[in-house]
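Student: sequence plus predicted model, see below.
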Amino acid sequence: MPILWLFLIVAAISVVGYVMGRSRALQSAGGDIRGLHSLPNFYGANVMLKTMVPAFGLLIIWLLVQPLYVNSQVSGMIPDTAIKEGSSRSLVMAEVRRAASGLDAAVSQGQLPASVARDPNADVAVVTQGLKDAGQVVTSEITQPILNAAQSYTSMNAVGYSAMSVVVILLALAGAAIGWWQTHADYRARNVVEQGVRVLLLAAASIAILTTIGIVLSLVFNTWEFFKLYPASDFFFGTTWSPSFSGRGGSSELGIIPLLWGTFYISIVALLVAVPIGLFAAIYLSEYASPRVRAFAKPLLEVLAGIPTIVYGLFALLTVGPLLLDVFGDNGLGWMKAGTAVMTAGLVMGIMLIPFVSSLSDDIINAVPQAMRDGSYGLGATQSETIRQVVLPAALPGIVGAILLAASRAIGETMIVVLGAGAAARLSLNPFEAMTTVTAKIVSQLTGDADFASPEALVAFALGMTLFILTLGLNVFALYIVRKYREQYE
Amino acid sequence: MNDMSRVERQVDTNSIKLECRDCQVYYGDTHAIKDVNVDIEDKTVTAFIGPSGCGKSTFLRCLNRMNDTIDIARVMGSFKLDGEDIYDKRVDPVQLRAKVGMVFQKPNPFPKSIYDNVAYGPRIHGLAKNKAELDEIVEKSLRRGAIWDEVKDRLDAPGTGLSGGQQQRLCIARAVATEPEVLLMDEPCSALDPIATAQVEELIDELRSRYSVVIVTHSMQQAARVSQKTAFFHLGNLVEFGETGQIFTNPEDPRTESYITGRIG
Amino acid sequence: MTDASMQTPETGRRGTSLTATDERTRKRARAEKRFRFYGIIAIATGLFFLVVLFASILKEGIPAFTRTVVSVEFTLTPEQREEAEGTLFKTKAYSDLFIAELNKELAESGINVDFDEAAIERLLGKVGGTIRTFYADNPDKLGEPIMFDLAASSRVDGYFKGRVSRDTLQDSRFLQLSDLDLVDALKEAGIIKQAFNWPFITGADSGVDNPGGAGIGASVVGSFFMMLVVLVLSLPIGVAASIYLEEFAPQNKFTDLIEVNISNLAAVPSIVFGILGLAVFIQFMHLPQSAPLVGGLVLTLMTLPTIIISTRASLKAVPPSIRDAALGVGASKMQAVFHHVLPLAAPGILTGTIIGLAQALGETAPLLLIGMVGFVARGYPDGFLAGFTEPNSAMPAQIYTWAARADVGFYEKAWGGIIILLMFLLTMNIIAIILRRRFERRW
């Protein structure tokens, strides 16, 4: 693993730099640390920072940029004639990358002599056979342009990585040298080091921004690609969802409306379960329950929030679904055809959201000042009158915020609907029918065999974009309401 | 104290509204109120004074069972309102509090309109048969709370938007709207400026003609100004209880004297 | 105040007894009771769901920890081996020897039952192959009596656990009704019995047609490597970001931007992080699919907001007087934070990190998109570094894979996997609670 080695080499240089910087500083003060501006360790850390930060920074940037550069270069080498009908440049590139890694593996296993693997005029059949012997996946016969592209892909990468190693190590050495050379009794090492650490802290904090940018870019870029292949109006207003499985041709109908309907229907069922139970549980726990009941019931309810969603998914698929089918199925009321349905997923999702609603509402109800309750009791109101007419109206904005947050959770929930809601996209009002949601379809479109460049796969990004915007809007709005509410009583 | 003054006091006395005997309050293990005996008279302002933490507010909250809302508080002894034990099992604290209203230290209007604040009590107790009657009760109560003229044009505005003094008078109006027989006031002026305090004090004096008022106060001047009877609490004990004039000019107990003259407190 | 307003007639309520309740009060008391009752019902419903959930997990999952084995003591002499190796169908020769042994043991117990080789294969799979491999690997065991514990097929296992019954069984190439007679006979002879299913805990996933042999061990290892990545990345980054925001960040637009981003990322659906991982790490950076490294990176980004929020809370809980004291003796801001504030906040940070890790451990949706589902993790990674980059599964992904397979035998495995997953989560949460109890400081 060369990158690990490179990492260790740079780390070693910086440790040596630390020791040398520290001793040089002591030396320059004649061995008396009182003569130094900063503690000796700061001089060492100064050299260390100057060694590591630029070297690792360059390493990361290089690792990000090189594949892009090599890809674009190699991709340019493939003649248009080598791209088959119905295929695309990105597909061919995937083939090239597979061939390249296959060649490396075949050579290292000894199934193919290195000279053959590197020979641009090598017999394609021999190479293909060598790859197969080495147990590499070869989807089709390797063609001459692909072999050549794969060879230059390998060689460019090899050159790139060795260049990277050399440059990174040189940079580390240069940094160490500069740091060492600067080291002097009067050098303000502490200030420099602290400034450096501060920048590192800022960089860590900025990762949140980078993540958001990453999410937005990956969604926007791929959604854009999707809309180039599939008209946006059909996507937003289409009432049929039926992707073709071949991934070829324009026979797919990818309308989001049935998916949105499924998402909202299931979320509404979930909220109908979670909001009354969660709210009344919160009211009881914060207003009526004795401390002992509270200490016992509150953590138990919150256990429901700590259970992974896959568990709820399985619970929906294997326990709740069959149970509902017994009651509402053909042996019972005859409303239900299969265990997976809106009702199943909604009910289980509601159970999952109970603690979410109850603990948020609990906080919010507790934030209503006691003086407000005293005022009501002092007038001879009963506890329930106080709660219904004073506490709840006062807490209403906060509770609405909590419900919106729960709704955003419900919309973004994946595992329960993947396992419990069914796979058919349907515009129906019957809650005992199977329906599907935006999240479930993101999973099924991206885990299937469809090629990433086809509209059937790219549609997942457009769905993801819709989901992201929906939940983001709900969250921002809900947090705004909750914050407003908190300020009112602070 | 000589025999003469005792006779005089009895002559002055109205009928006893609330009779408290051997009252004890515990907060968990803390003995907060010890052996307190007080008679609250009808149509009289009774002031509870004493240093912070002496138990006067705690005792006040016993009188309409507000301590029921605190889990760790235990109340013992006999409290009789017109001869009926208010801690009797058959008594609904809700009914009791309709008769014994309360105004709190900090103005606590509900986050509703001024009208709804005042109408809240009459509504829950069903005092009005229709909207017109309710309107009448609200106006009457706001007038009694001496705030009608300030708010009559904005009854729909939120009660929380008023100034501190106005809020407290709104809370008093809200309390009298349920037609209580006893009105308990827990330091009603501590959050108010002197002008608002003067308005509230004037109001208390007027309320005396209809209600028995019990007021807890930190200010001895206020007790002297508004009350006819004064009780001095110290460390959970009722040290002295008597005519306000008597307590302030000629206290029996040396502790009362020390407090009034500012040596303890 | 007008005089008139003071003179309104007193209401009739005045002077009524406290103990006499009127209709209205009774009605209000009933409403009060009703309201209270709703609350109790709500809590009871919530707890009822919890009980049902755990009951079904335990009821369905515990059978996964037992398996049905056929234990036969078997001795193979070197001569027998040579003879078997000399035949054309080598494994058949071994299997004949095994059947002979089985017949002998049955006869010893006085039980008589007819069966053929095909029935044994339906019950136990390719017995001959298993025995042959064993002796090929351990030639020194020849001639000694060896106890063979052979796993029964999933249907036989189902018969023992009540999943398969005589009434519902239909003859198929997997199991025939007549085979159950043999099973009953073996049971009577004490040859077939239930044993603790170690292979489930230590083993790897099997193919789609062999639910009996599926184990969760390999995916536990996959989860472990993923959690290692999450811990190594999210703890330092999270703590650094929190220190910056809590102690150093100036009040400006950029800081606000970071804050808004963190609070929004905390609420972004996990599937969106999966999309991010797919687009950035796999499509753009060409990192290997199904690798714990990629899973770890995605989960790190997902966990960071949680860790940052809890770390900031524990930094905030350290009173400013500590910082002032350090600054007062001439420490720099950086020294005050790293020497005093951070150590004091460490228990809280650790607790938050463990809870964040527990959340990441149970997360499934993003793993679906980076290819950790559908991959059959048939074995353990080859080494420590390979553990990060070799394709593997993770516990929740493995559970999903099993749940999505057609054979109902896998459902039991999925529930069993959930028990293991929940045990990990429980342990992590208990550690977090102990840390909090032990080191919690009240200022």
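Tutor: Perfect, I can see it now.
Student: mind checking the longest strand of chain C?
Tutor: If you go by DSSP state E, chain C has its longest strand at strand C:66-75.
Student: what sits up against stretch A:66-75?
Tutor: Contact partners of stretch A:66-75, identified using CB atoms under 8 Å, 6 or more residues apart in numbering or on different chains, comprise A:89, A:93, A:96, A:149, A:152-153, A:156-157, A:160-161, A:164, C:284-286. (Glycine included, C-beta is placed from N, CA and C.)
Student: run the last query once more with 6 Å
Tutor: With contacts defined as CB atoms under 6 Å, 6 or more residues apart in numbering or on different chains, stretch A:66-75 is touched by A:93, A:149, A:153, A:156-157, A:160, C:286.
Student: narrow the residues you listed to those that are buried.
Tutor: The neighbour count (16 or more other CB atoms under 10 Å in any protein chain shown) marks A:93, A:149, A:153, A:156-157, A:160 as buried among those.
Student: can you flag which of those residues belong to helices?
Tutor: A:93, A:149, A:153, A:156-157, A:160 (DSSP state H).
Student: among those, which are within reach of chain B?
Tutor: Applying CB under 6 Å from any CB of the partner chain to those, one finds that nothing falls near chain B.
Student: nearest to chain B, of these?
Tutor: Nearest to chain B among these is A:Met93, at 63.3 Å by CB to the nearest CB.
Student: quick check: closest non-adjacent residue to that closest one.
Tutor: Closest residue in space to A:Met93, ignoring its immediate chain neighbours: A:Ser75 at 5.6 Å, by CB to CB, 6 or more residues apart in numbering or on different chains.
Student: residues contacting the most centrally placed residue in chain B?
Tutor: Closest to where the C-alpha atoms of chain B average out (CA atoms, centre = their mean) is B:Leu184, at 1.9 Å. Contact analysis of B:Leu184 by CB under 6 Å, 6+ apart lists B:60, B:63, B:102, B:214.
Student: can you give me the buried ones in stretch C:154-162?
Tutor: C:154-161.
Student: now these as JSON lines including secondary structure and distance to C:Leu231?
Tutor: Below are the buried residues of stretch C:154-162 laid out as JSON lines (DSSP: H, G, I helix; E, B strand; the rest coil; distance: CB to CB, whole Å):
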{"residue": "C:Ser154", "secondary structure": "helix", "distance to C:Leu231": "37"}
{"residue": "C:Arg155", "secondary structure": "helix", "distance to C:Leu231": "42"}
{"residue": "C:Val156", "secondary structure": "helix", "distance to C:Leu231": "43"}
{"residue": "C:Asp157", "secondary structure": "helix", "distance to C:Leu231": "38"}
{"residue": "C:Gly158", "secondary structure": "helix", "distance to C:Leu231": "40"}
{"residue": "C:Tyr159", "secondary structure": "helix", "distance to C:Leu231": "44"}
{"residue": "C:Phe160", "secondary structure": "helix", "distance to C:Leu231": "41"}
{"residue": "C:Lys161", "secondary structure": "helix", "distance to C:Leu231": "38"}
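Student: just the strands in the stretch 1-150 of chain B please.
Tutor: B:16-27, B:30-41, B:45-49, B:73-81, B:84-85, B:100-103 (DSSP state E, counting those that start in this stretch).
Student: how about these in TSV, adding mean neighbour count, distance to A:Ile256 and mean pLDDT?
Tutor: Formatted as TSV, the strands of the stretch 1-150 of chain B follow (neighbours: other CB atoms under 10 Å in any protein chain shown; distance: least, CB to CB, whole Å; pLDDT from 0 to 100):
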stretch	mean neighbour count	distance to A:Ile256	mean pLDDT
strand B:16-27	17	61	89
strand B:30-41	17	65	89
strand B:45-49	27	70	92
strand B:73-81	17	59	89
strand B:84-85	15	70	88
strand B:100-103	26	58	90
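Student: can I get those strands in a markdown table with distance to C:Thr45?
Tutor: Formatted as a markdown table, the strands of the stretch 1-150 of chain B follow (distance: least, CB to CB, whole Å):
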| stretch | distance to C:Thr45 |
| --- | --- |
| strand B:16-27 | 35 |
| strand B:30-41 | 39 |
| strand B:45-49 | 47 |
| strand B:73-81 | 32 |
| strand B:84-85 | 40 |
| strand B:100-103 | 37 |
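Student: low pLDDT regions in the stretch 51-200 of chain A?
Tutor: A:82, A:84-88, A:90, A:133-142 (pLDDT under 70).
Student: try it again at 50.
Tutor: Within the stretch 51-200 of chain A, no range satisfies pLDDT under 50.
Student: what is the neighbour count of the residue in it positioned nearest to chain B?
Tutor: Taking CB to the nearest CB as the measure, the point where the stretch 51-200 of chain A comes nearest chain B is A:Arg198, at 44.2 Å. A:Arg198 has 16 neighbouring residues, counting by other CB atoms under 10 Å in any protein chain shown.
Student: mind checking the SS state of the residue most central in space within chain A?
Tutor: What sits nearest the mean C-alpha location of chain A, by CA atoms, centre = their mean, is A:Ile215, with 7.7 Å. Judged by DSSP: H, G, I helix; E, B strand; the rest coil, the three-state class of A:Ile215 is helix.
Student: for it, which non-adjacent residue is closest in space?
Tutor: Leaving aside its chain neighbours, A:Ile215 sits nearest to C:Leu276 (4.9 Å; criterion: CB to CB, 6+ apart).
Student: the closest residue to C:Val52 other than its chain neighbours - how many residues pack around it?
Tutor: Excluding the flanking residues, the one nearest C:Val52 by CB to CB, 6+ apart is A:Thr319, at 7.6 Å. Residues near A:Thr319, counting by other CB under 10 Å, number 21.
Student: and C:Leu233, by the same measure?
Tutor: Other residues near C:Leu233 come to 18 when the count uses other CB under 10 Å.
Student: before we move on, what about C:Leu169?
Tutor: If you count neighbours by other CB under 10 Å, C:Leu169 ends up with 17.
Student: do A:Thr211 as well
Tutor: Counted with other CB under 10 Å, the neighbours of A:Thr211 add up to 22.
Student: now name the helix or strand holding it.
Tutor: helix A:189-229 (DSSP states H and E).
Student: helices or strands next to that helix in the packing?
Tutor: helix A:40-77, helix A:455-488, helix C:217-243, helix C:253-265, helix C:270-276 (3 or more CB pairs under 6 Å, 6 or more residues apart in numbering or on different chains; DSSP states H and E).
Student: hang on, the earlier thing: just flag the most distant two among the contacts of B:Leu184.
Tutor: Pairwise distances among the contacts of B:Leu184 were taken by CB to CB; the largest, 9.5 Å, belongs to B:Met102 and B:Val214.
Student: excluding chain neighbours, give the residue nearest to the residue nearest to the centre of chain B in space.
Tutor: Counting by CB to CB, 6+ apart, the residue nearest B:Leu184 is B:Met102, at 4.5 Å.
Student: now do the strands in the stretch 251-400 of chain C.
Tutor: Counting by DSSP E, counting those that start in this stretch, one finds no strands in the stretch 251-400 of chain C.
Student: quick check: pLDDT value at A:Gly247.
Tutor: Note on A:Gly247: pLDDT of 48.
Student: same question for C:Ala326.
Tutor: Reading off the model, C:Ala326 has pLDDT 89.
Student: rewinding a little: quick check, the residue nearest to A:Ile215 in contact with A:Val216.
Tutor: No. Look at C:Leu276 against A:Val216 with CB atoms under 6 Å: they stay out of range, at 9.5 Å.
Student: who's more crowded, those two?
Tutor: Using other CB under 10 Å, the more surrounded residue of C:Leu276 and A:Val216 is C:Leu276, with 27 against 13.
Student: any idea how many residues pack against residue 241?
Tutor: Looking at chain A here, since you left the chain open. Neighbour count of A:Trp241, defined by other CB under 10 Å: 21.
Student: you looked at the wrong chain, it should be chain C
Tutor: By other CB under 10 Å, 28 other residues sit near C:Ala241.
Student: wait, what's in contact with C:Thr306?
Tutor: Counting by CB under 6 Å, 6+ apart, C:Thr306 makes contact with C:Gly356.
Student: so which residues of the stretch 1-150 of chain B form helices?
Tutor: B:3-12, B:56-62, B:93-99, B:114-125, B:131-144, B:148-151 (DSSP state H, counting those that start in this stretch).
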